[in-house]
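>>> Sequence and computational prediction follow.
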Amino acid sequence: MQRIKDLSPKSKMRSARAHQKQVLAVVMKFRLIVNSTKRHFKWVETQCGINGAQLWVLWELGQEPGLSVTELAAAMAIHQSTASNLIDRLVRQKLIARKRVSDDQRVVTVSLTNAGKRLLGRAPKPARGMLPEALHQLREAELTSLDKLFERVLDQMHATDKRSMKQPLADLLTHK
């Protein structure tokens, strides 16, 4: 394989243009992912009156009733305090209920109420969100490769403020 420094000036320019075109194609795909995700979140709110992160909570509890706050936070890759705030809102809306575990009163589990089950049943799909659902559809090797590529992109961006990694995507995309 010929190195770039060994190419003629004309070949270097063609190579640079091709690289720029490929960069822009990837940027456009990122835009489409973000916009599609944002539109899905707006549709969720319109259809069922709760945001995408709240719907994901309902979906997780539909899959595994009786999760603790810590387990729910881990299942959604969010901070425990964020999970608590989501739970508080859903409890106020009577879509989920808290229950103290009898042997350790400090541990609280959460489950869907009948109203929560009904809402989840009629909610837009995928209930856990478009991006998580699409990622779950990838084969393990594809997901590993994508993860490594994202890591390289983040390294190139010198992304050091990692607090947003523990925030629901619905919150990041819908804040004004």
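Looks like it came in fine.

>>> pLDDT of stretch 143-159, averaged?
Mean pLDDT, stretch 143-159: 93.

>>> Residues contacting it, please?
The contact list for stretch 143-159, computed with C-beta atoms under 8 Å, 6 or more residues apart in numbering, reads 135, 138. The C-beta positions use only the backbone N, C-alpha and C, and glycine is treated the same way.

>>> Now with 10 Å, please.
26, 30, 135-139, 160, 162, 165 (C-beta atoms under 10 Å, 6 or more residues apart in numbering).

>>> What is the longest helix along the chain packed up against?
The longest helix of the chain (DSSP state H) is helix 9-48. On a contact count with 3 or more C-beta pairs under 10 Å, 6 or more residues apart in numbering; DSSP states H and E, helix 9-48 meets helix 52-63, helix 114-122, helix 130-136, helix 140-157, helix 169-174.

>>> Which elements pack onto the second one?
Looking back up the chat, that one is helix 114-122. helix 9-48, helix 52-63, helix 80-92, strand 96-101, strand 104-112.

>>> picking that back up, out of the contacts of stretch 143-159, the closest to residue 89 would be?
residue 165 (21.7 Å; C-beta to C-beta).

>>> ok, and the closest non-adjacent residue to the closest one?
residue 77 (7.6 Å; C-beta to C-beta, 6 or more residues apart in numbering).

>>> thinking again about what came up before, columns mean pLDDT, distance to residue 152 and mean neighbour count on top of the helices and strands packed on helix 114-122, output as JSON lines?
Shown next, in JSON lines, are the helices and strands packed on helix 114-122 (pLDDT from 0 to 100; distance: least, C-beta to C-beta, whole Å; neighbours: other C-beta atoms under 10 Å):
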{"stretch": "helix 9-48", "mean pLDDT": "89", "distance to residue 152": "12", "mean neighbour count": "12"}
{"stretch": "helix 52-63", "mean pLDDT": "95", "distance to residue 152": "28", "mean neighbour count": "23"}
{"stretch": "helix 80-92", "mean pLDDT": "95", "distance to residue 152": "27", "mean neighbour count": "17"}
{"stretch": "strand 96-101", "mean pLDDT": "89", "distance to residue 152": "39", "mean neighbour count": "15"}
{"stretch": "strand 104-112", "mean pLDDT": "84", "distance to residue 152": "38", "mean neighbour count": "14"}
